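Q: When you get a sec, could you give me coordinates for this:
(2 chains)
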Amino acid sequence: MRIATHNVNSIRTRVDRVVSWLERTNTDVLAMQEIKCKPDQFPYKQFEDAGYQITMHGLNQWNGVAFASRIPAEDVEIGFSGMPAFGKEGKEAVEEARAIGATFNGVRLWSLYVPNGREIGDPHFHYKLDWLDRLAGNVAEWVEHEPDQPLALMGDFNIAPLDTDVWNIDDFAGLTHVTPEERQAFEAFEQIGLQDVVRERIPDGYTYWDYQQLRFPRNEGMRIDFILGSEPFASRVTSAVIDRDERKGEAPSDHVPVVVDID
DNA sequence: ATGGTTGAGTGTCAA
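A: Have a look, this model is predicted:
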């Protein structure tokens, strides 16, 4: 089974590229982030014509996650238990669509769009850390209660865990994505027993390049998209790819697909 | 030059 994650940055803008990529790469399950549409706006037909069913969660124009799969999605879960809504002090919290889980051929997958954080100290930064903490609490329970379940968290974590995951760490002083708090939140998943099944096969390489300032031509990118698998998942992984070529050509997303094959 | 790009949607906000 070939599974992948991709922050598509608007599925309506990218549908031709994404469906073409799915067919060309023979991918069975794609976890998407930043679909940027509500349920009635999703371009279902183009996926269905290619043999993929859609399982999505979208509430506004900013975020939203989905699966496209040639395998039926079972036990679909919208968000995770206790997933925080975003709320500034004195304002009502707003629910956000950033997580969807489903089981495919017995493999439990999550498509996750971790909050960006914006700036250190910003309410969105605290929201990001809280969101990750709540997620880790859930994952710890899942792994404990079903230790034999192949499980993977897939998505845009908006964290660069290593200094080498950005083009120049000195340029990131005082910025989000590289703070000790965010890196600790990322490492928490490893302490629970998940492993980065791509890093152990592909030590170097970015998954995201900003549209601005010629970041891609200069290869000034960031590694912020990950597939973290439980031991029963990780032991089934046979290969991994970061599809850097998908950042090229007409109207690409600013992120590229990250792919693994499992037995 | 203190900007530079893209997307949602038509105001700017978000990344």
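Q: Please make it C-alpha for all contacts and neighbour counts, starting now.
A: Noted.
Q: what's around the closest residue to DNA strand B within the stretch 101-250 of chain A, how many residues?
A: Closest residue of the stretch 101-250 of chain A to DNA strand B, Cα to the nearest atom of the strand: residue A:212 (3.6 Å). Using other Cα atoms under 10 Å, residue A:212 has 8 neighbouring residues.
Q: What are the contacting residues of the longest helix along chain A?
A: Secondary structure of chain A per DSSP state H: the longest helix is helix A:123-145. With contacts defined as Cα atoms under 8 Å, 6 or more residues apart in numbering, helix A:123-145 is touched by A:80-84, A:86-88, A:114-119, A:149, A:176, A:181-182, A:185-186, A:188-189, A:192-193, A:230.
Q: Of those, grab the buried ones for PyMOL.
A: To isolate the buried ones among these in PyMOL, judged by 16 or more other Cα atoms under 10 Å, type:
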select buried, chain A and resi 80+83+84+86+114+115+116+117+149+176+182+185+186+188+189+192+193+230
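Q: Tell me which entries of the contacts of helix A:123-145 lie within helices.
A: Those of those lying in helices (DSSP H): A:181, A:182, A:185, A:186, A:188, A:189, A:192.
Q: what's the most distant pair in the residues you listed?
A: A:181 and A:192 (16.9 Å; Cα to Cα).
Q: mind listing the helices for chain A?
A: A:11-25, A:44-49, A:123-145, A:180-192, A:231-234.
Q: could I get those as CSV with distance to residue A:55 and mean pLDDT?
A: Formatted as CSV, those follow (distance: least, Cα to Cα, whole Å; pLDDT from 0 to 100):
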stretch, distance to residue A:55, mean pLDDT
helix A:11-25, 13, 98
helix A:44-49, 10, 98
helix A:123-145, 20, 97
helix A:180-192, 25, 98
helix A:231-234, 22, 98
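Q: which of the ones you listed sits most buried?
A: helix A:231-234 (a mean of 19; mean count of other Cα atoms under 10 Å).
Q: which residues touch it?
A: So helix A:231-234 is contacted by A:107, A:147, A:148, A:149, A:150, A:151, A:152, A:193, A:194, A:195, A:197, A:262 (Cα under 8 Å, 6+ apart).
Q: what sits against the residue nearest to residue A:87 when sequence neighbours are not counted?
A: Leaving aside its sequence neighbours, residue A:87 sits nearest to residue A:93 (Cα to Cα, 6 or more residues apart in numbering; 3.7 Å). Contacts for residue A:93 (Cα under 8 Å, 6+ apart) come out as A:85, A:86, A:87.
Q: nearest to residue A:253, of these?
A: residue A:86 (25.4 Å).
Q: quick one: contacts for the closest one?
A: A:93, A:94, A:95, A:96, A:124, A:127.
Q: circling back to that earlier point, closest one to residue A:5 among the helices of chain A?
A: Here helix A:11-25 is closest among those (Cα to Cα), at 11.2 Å.
Q: just the CA coordinates of that closest one, formatted as CSV?
A: Output in CSV follows, covering the C-alpha atoms of helix A:11-25 (Å, rounded to 0.1, in the frame of the first residue of the first chain):
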residue,chain,number,x,y,z
ILE,A,11,-7.5,21.8,-3.6
ARG,A,12,-9.6,23.7,-6.0
THR,A,13,-6.6,25.5,-7.4
ARG,A,14,-4.5,22.3,-7.4
VAL,A,15,-7.0,19.5,-8.3
ASP,A,16,-5.6,18.7,-11.8
ARG,A,17,-2.0,18.4,-10.5
VAL,A,18,-3.0,16.4,-7.4
VAL,A,19,-5.2,13.9,-9.3
SER,A,20,-2.6,13.5,-12.0
TRP,A,21,0.1,12.9,-9.4
LEU,A,22,-2.1,10.3,-7.6
GLU,A,23,-2.5,8.4,-10.9
ARG,A,24,1.1,8.8,-12.0
THR,A,25,2.5,7.6,-8.7
